[in-house]
Each structure stands twice: as C-alpha cells, then as structure tokens.
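Engineer: Kindly return the folded structure for what I paste below:
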Amino acid sequence: MALNATAEAVRAFRERLGLPGLVDVHTHFMPERVLGKVWDYFDAVGPLTGVAWPITYRHEEERRVALLREFGVRAFTAMLYPHKPQMAAWLNSWSAGFAARTPDCLHTATFFPEESAAAYVRQAVEAGARIFKAHLQVGGYDPGDELLDPVWGTLAEAGIPIVVHCGSGPVPGKHTGPGPISAVLARHPGLALVVAHMGMPEYGEFLDLAERYERVRLDTTMAFTDFAERFGPFPASELGRLADLGDRILLGTDFPNIPYPYEHQLAALERLGLGDDWLRAVCHDNGARLFGLD
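Structural biologist: Numbering: from 1, shown residues only. Reported below is the predicted structural model:
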C-alpha cells in the first residue's frame, strides 16, 4: 500500500475510535550504522529461519519520524539494544540526543550485564529516561545475572517501564521463555515490565505473569498479524484473558522493521473482536496514562 494510503487508513482508524492519536511503545530508532546492521540481519533472516522479512519502512531517520507523525503517532520510542559489552552507554548517549531533538519520542535507554551497568542506568534515569529496552534473545544474556540485580532494582524503584524481548519467538534463545524473567519478577515484583510481542509464542505463560503481577504489561508488537500468525498463532482460548487484561495491553508495532504496512497491526487488533473500548485503551489510553501524556 502506498504511504499516503497507509496514512489515510490509520487516520480513518483513529477517527472511527475518536482517538487523539496513537501511543506506540515499540518503535526502533538507533544510530544509522547500527540500524543498518539490524536491517542486514533481517535481509538474511529468510535463510536463517525460512521466513522472508522485507523492511517496509527502509528510509532515512528524518523520513521515518515524519511517517510516524503522518500516521498520527503522538508518542513513540527508540527501542535500541546492545549485543555485546561496552556498547549500552554509547547507545544511551545517542538516544538522549535523539529524544532531545525529537520531542514526541519517549527518551529510551538500555543496558547489558557488565560492571558499569548500575552506574550508567542510574545516570540515564537521572537524565530523564522514560522507558528502557532489553533484548534477551539478541543480547544472549540471563536477566537474572547478578550484575543486573541493581539495574532491575533501580528501575523498579523509579517506576520506569522496561520493554523486554523475553519470549522465544521468532527463534528461541538460551535465556528466552517465561522462566528467566519470572525469576527476576520474583525478586523485583514492583518492576514495570512490558513483555514485548505479547511474549510470542508463550502467550499463555506471559498472560499468567500479567495476572500475577499488577505492574506487568504486554505490548502487541507483531502479534495477531498475518505474518506472525504463520509461526506463532495466538490461541483463541486466551482471548477472554486478553480482554480482561485490556488495561495492561499496549500498542507496539516494531516500526520500521516490519514486513507489512503499519496499518496492518491496527487491523489485526481490530479483527480480534474485543470491542472499541478495548481498542481505545490499547492504542492510546493505556500508553497515555502510563507516560502521563494527558
């Protein structure tokens, strides 16, 4: 679909629901050479997993920001993550600058299990970070690493949400699945954890965590789409719990790294049939409340 048609489709969705905009908690902005390597990975992911993954929004940074604004996204994130030590602090410095020049981006930060993590996470919090990102699959680390215990403690104390890719999709990692992150929650039950991708494909187990811990949320990133349903279908038996947890579900899309137009994520949520009130909460109200946008 042409970009202007996508903007029109998203506008029609917002207007039908009476939304002032969208709050997308899972969008990716990072240094250009890092993003280029991410795109290289997705370009090669077909041979690795048997699934082609074309990047729909492969544009320069300025154009990607403009597109989100055209789509009516009033707040978004710069989900970035290190894959090795001595990288996170540099990413945080870049992200702080990006947030400063992009006021509708929620200042995002990240970390890696290393001796310096506690200090630079505290520094990011003091600098105004509003959301953090951790990617257990790409980073290949155990969230229960003792080097991260003060990090989780700082984030829990500050009440800052942390989006964690902890589900095993699309390819399992050594420390993915509900077990490792559940151990972290047992030690830090006040952690404002946002489970990325609805915990795909372990949906039920991550819904269990949201029922057990009142500050656990899940983001919709790629879940329910035609693409994701091919390899990680959401079980129809869990729709009732998804409806009941409607105040704990947040819109996420994975823009720009998605193999379909932006509006398909919205259409996928709508066809769940959980009602307009649920859609309003997920696509705007829950995120607006979490980040104090109103």
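
Engineer: what about the residue of the chain most remote from its centre, distance to residue 150?
Structural biologist: Outermost residue of the chain with respect to the C-alpha centroid, by CA atoms, centre = their mean, is residue 115; its distance is 25.8 Å. According to CB to CB, to the nearest Å, residue 115 and residue 150 sit 11 Å apart. C-betas here are computed from N, CA, C, even on glycine.

Engineer: Likewise for residue 189?
Structural biologist: In terms of CB to CB, residue 189 sits 16 Å off from residue 150.

Engineer: what does residue 119 give?
Structural biologist: 9 Å.

Engineer: again with residue 28
Structural biologist: For residue 28, the distance to residue 150 - CB to CB - is 27 Å.

Engineer: So for those two, which sits in the more crowded spot?
Structural biologist: Neighbours were counted for residue 28 and for residue 150 using other CB atoms under 10 Å; residue 28 has more, 23 against 14.

Engineer: which residue packs closest to that one, ignoring adjacent ones?
Structural biologist: In this structure, residue 28 finds its nearest non-sequential neighbour in residue 79, 4.9 Å apart by CB to CB, 6 or more residues apart in numbering.

Engineer: how many neighbours does that neighbour have?
Structural biologist: When neighbours are counted by other CB under 10 Å, residue 79 comes out with 27.

Engineer: That one is in contact with residue 163, isn't it?
Structural biologist: Yes - with contact defined as CB atoms under 8 Å, residue 79 counts as touching residue 163 (6.5 Å).

Engineer: List the residues that are in contact with both of the two.
Structural biologist: 26, 133 (CB atoms under 8 Å, 6 or more residues apart in numbering).

Engineer: need the contact list for residue 230.
Structural biologist: Residue 230 touches residue 51, counting by CB under 8 Å, 6+ apart.

Engineer: And the helix or strand encompassing it, what's buried?
Structural biologist: In the assignment (DSSP states H and E), residue 230 maps to helix 226-231. Residues of helix 226-231 classed as buried by neighbour count (16 or more other CB atoms under 10 Å): 227-228.

Engineer: buried ones in the next helix or strand after it?
Structural biologist: As assigned by DSSP H and E, the chain's next helix or strand after helix 226-231 is helix 239-244. Within helix 239-244, the residues that count as buried by 16+ other CB under 10 Å are residue 242.

Engineer: average model confidence for helix 239-244?
Structural biologist: Averaging pLDDT along helix 239-244 gives 98.

Engineer: Name the surrounding residues that touch it.
Structural biologist: By CB under 8 Å, 6+ apart, helix 239-244 touches 207, 211, 234, 249, 272, 274-275, 278.
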